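Colleague: Below: sequence and its predicted model.
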Amino acid sequence: MADTEQLVAKFLRVGLTEAKAKETVKNKTVSSNLSQLVDWAGEGVDLTGVRGNLLYHTASKTKPQIWSLAPLLVTYITSDKLDTELRLSAAIEHFLKLPPGTKAEDVDTKKLDEAAGVGVVVTAEEVEQAVEDAIKAVKGEIEQARWRFNTGPLMGKVRGQLKWADGKAIKSEFELQLLDLLGPKTDQDLLPPPKVEKKKGEKKKVAKEEKAAGDDVEEDGAATISELMKTKVHFHKPGENYTTDGYVTTPTTRDRLREHLERTGGQVRTRFPPEPNGILHIGHAKAININFGYAAAHNGVCNLRYDDTNPEKEEERFFTGILDMVTWLGYTPHKVTHSSDNFQQLYDWAKLLVEKDMAYICHQQVEDIRGFNPPPSPWRNRPIVESLQLFEDMKNGKFDEGQATLRLKVTLEEGKQDPVAYRIKYVPHHRSGDTWCIYPTYDYTHCLCDSIEDISHSLCTKEFQARRSSYYWLCNAVDIYCPVQWEYGRLNVHYTVVSKRKIAKLIETGVVQDWDDPRLFTLTALRRRGFPSEAINNFCARMGVTGAQATVDPAMLEAVVRDTLNTTAKRSMVVTQPLKVTVVGDLKKKDIKVPDFPNEPEKGEHSVTLESSFYIESSDFRETMEAGYRRLCPGQAVGLRYAGLVIELVDMVKKNGEVVEVKVKTIPIEEAAKPKAFIHWVAAPVSVEVRMYGRLFKHKTPEDPAVVPGGFLEDIAENTLEVRQALADKHLVGSKLYEKFQFERIGFFCVDRDSTKEKLVFNLTVGLKEDSGKL
């Protein structure tokens, strides 16, 4: 209590109110920093007003790696060399760019003064002239819009010209000169802006223009991964690790960074480090794009590193499957590495940690140390020599599984204490065989392997933020180069599950067939369904790289897929639910040239046959006229796409009460009334199988017990797969695996791996955008 009162009294010196001072005391970091700053300022120095504000700003904004330079900031603040937040921020930024370990006495004060604008005075005349020039350049626009004119960009321009000018002075000068130019606001100026009347059809046109301009991209995203990484993602430069938030420096950091730069030449190096115990899913696509994409955008390299530290769950098919998906997305690893490549080095470092009393052997059971408040280990302070011998005994197989672990003496950000670094597993490793019976954990392994591979940017999902402190602690504890960990939000999709265990359960219960079932969101499933890799990459780009977790509707991904396929998938006519049509009268058999892309005929064409017997979709015929129905029915003709003909119903043939054939007469289109619709058709067709897929789950969040109390298996939707025996244009014969087409008026489809020489199988990728008025 006495300490709190002393701190409050100290903080009152910098001009804080009593309430603000008490609130500050609750923040341990800011409170400790501010207390030190006041002590450094000394007694008898006036710390109120601007000085107090700047000291508080220093306490809350100065990063740990430059705290040793904070006394110099206090000197500059109390001598009024730093008299604005702008100058203070510039000084802090300058310190961050200094080599790690720089001492206050080594700071070049001339460069500091220049960086922070110390002594630079911007006169009122300079502000007046800059504002006058800015207004003059757009005077006509201002006079037209009057007080509705947005002056924000103009003020920003002037601030850019006069970096050290007082922002309030610039704003005041703008108001004064605008008043002189426009006079006081009139009643007309105070009215709401007039509404602009839009002509019919203008809204639709604007929407199309916006979409073409890429306005459907998320604010933090971009149209492509390359654009995203070059324009929206701003990580540190290689070697400037110490400028990043939370980075921990030591007396050897400067040497380690220099050696790192000598080895890499300042090259950006990233890695994609999946565990080879399952199939990659849509969330992994974001990780792949960020790691490989960032390296590619900055002329760097990215390794594919298998984190193969858990031999119980690793299978060869997962190793090959991961590389297959990385390659499919368009990336080539600089190297393919394995964490197991470094087992001996990792073990040697673990022994070093024990020797430094930074790790110990513990015998608590796994279930006893789970969670955030487990009981402290009674073996935490056992003698170093004892832990070293026990660690050797673990390695030599003298303990059963679960009887001993190696734990690190460190507390994570989330409060979890002493994470496990090594555990015993009597399972042969796929690469090292029976050499080891102790295996390192991911938390212990990945930062050390990052250092071994000279990774400059360790990019990972947000949940690893709670382990960033142990990442830096471990590298510094064994005195090696320490990369920088950057975190970004995970990508999740509604109406699906991506957990390996849950997908395995779906397969086991027969809900889906395998890991690549097109109803799943594994990458193999999306490829099989027909999603282009380019579309997946662009979708990830649109999501951006932020700390926010994104959970999106599948329709967002499907929209990007549709946009991609619209320009790449050849058109074809396929009837998925055939109804036979026979022409009454004379219709000569003929071949018709059909463009692969009707809007871009120069991209190629194919030939289709038309003869007196052909097939249409059964839904394109109705036995009776219905309101709003536009296709073939009694009294209503319909056009045939590409044929130059209109067909008119003559008769229908029924079997067991169901129409199995319609008889029509044909009329040249130039001689007929304009039909309300044109339909697709096939003649002399080949038989194909078409699989129509729907969403696998009923609810957005099938794993949420509040939404689905019975568990995700109780949320399976009905009719998620419909198999149709369809008829297709014969030009599709010979189509290759994963080749994509637009079946006109139906959707986009992809050749499935179940296809044979005798019969092609197509999967529905996405449907077409439907016109709500079309029936």
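Modeller: Everything's here; your move. Numbering: from 1, shown residues only.
Colleague: Now do the end-to-end distance for stretch 153-170.
Modeller: Terminal residues of stretch 153-170 lie 13 Å apart, using Cα to Cα, to the nearest Å.
Colleague: What lies in contact with that stretch?
Modeller: 84, 86-87, 117, 120, 122, 124, 126-127, 130-131, 134-135, 138, 171, 174 (Cβ atoms under 8 Å, 6 or more residues apart in numbering). No exception for glycine: its C-beta is placed from N, CA and C like everyone else's.
Colleague: How about stretch 102-109?
Modeller: Ser68, Leu69, Pro71, Leu72, Phe95, Leu98.
Colleague: if we go to 6 Å?
Modeller: By Cβ atoms under 6 Å, 6 or more residues apart in numbering, the residues outside stretch 102-109 that reach it are Leu69, Pro71, Leu72.
Colleague: Report the two of the contacts of stretch 153-170 separated the most.
Modeller: Pairwise distances across these (Cβ to Cβ) peak at 30.3 Å, for the pair Arg87 and Val138.
Colleague: from the contacts of stretch 102-109, which would you call buried?
Modeller: Leu69, Leu72 (16 or more other Cβ atoms under 10 Å).
Colleague: ok, the contacts of stretch 102-109 vs Asp3, which is closest?
Modeller: Out of these, the member with the shortest distance to Asp3 (by Cβ to Cβ) is Pro71, at 22.8 Å.
Colleague: That closest one contacts Trp40, correct?
Modeller: Yes. When contacts are counted by Cβ atoms under 6 Å, Pro71 is listed as touching Trp40 (5.0 Å).
Colleague: remind me which residues of this protein are low pLDDT?
Modeller: 1-2, 195-219, 372, 770-775 (pLDDT under 70).
Colleague: Return the residues in contact with the residue of it most remote from its centre.
Modeller: In the chain, Gly585 marks the outermost C-alpha relative to the chain mean, sitting 60.6 Å out by Cα atoms, centre = their mean. For Gly585, the contact set (Cβ under 6 Å, 6+ apart) comprises Lys665.
Colleague: Pull up the gap between it and Thr666, please.
Modeller: 7 Å (Cβ to Cβ, to the nearest Å).
Colleague: can you check Glu141 too?
Modeller: 62 Å.
Colleague: which of those two has more neighbours?
Modeller: Thr666 (21 against 10; other Cβ atoms under 10 Å).
Colleague: In this structure that one contacts Leu645, no?
Modeller: Yes. With contacts counted by Cβ under 6 Å, Thr666 reaches Leu645, the gap being 4.7 Å.
Colleague: give me phi/psi at Lys590?
Modeller: Main-chain torsions, Lys590, degrees, to the nearest 10: phi -150, psi 160.
Colleague: Check the one 10 residues further on too.
Modeller: Geometry field for Glu600 lists phi and psi as phi -140, psi 70, criterion degrees, to the nearest 10.
Colleague: same deal with Thr461?
Modeller: phi -80, psi 160.
Colleague: what's the distance between it and Tyr488?
Modeller: Taken as Cβ to Cβ, the span from Thr461 to Tyr488 is 6 Å.
Colleague: Tell me which of these two has more neighbours.
Modeller: The residue with more neighbours, out of Thr461 and Tyr488, is Tyr488; 22 against 17, by other Cβ under 10 Å.
Colleague: residue contacts, the more buried one?
Modeller: Val545.
Colleague: distance of it from Gly544?
Modeller: 9 Å.
Colleague: In PyMOL, how would I select just the buried ones from the contacts of stretch 153-170?
Modeller: The buried residues among the contacts of stretch 153-170 can be selected in PyMOL (16+ other Cβ under 10 Å) with this line:
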select buried, resi 84+86+87+117+122+127+130+131+134+135+174
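Colleague: which one of the contacts of stretch 102-109 sits closest to Lys736?
Modeller: Nearest member of the contacts of stretch 102-109 to Lys736, counting by Cβ to Cβ, is Leu69, at 63.5 Å.
Colleague: give me the element the closest residue to that closest one other than its chain neighbours is part of.
Modeller: If the residues on either side of it in the chain are set aside, Leu69 comes closest to Phe95, at 5.0 Å by Cβ to Cβ, 6 or more residues apart in numbering. Using DSSP states H and E, Phe95 sits in helix 85-96.
Colleague: Right, I'll leave it there.
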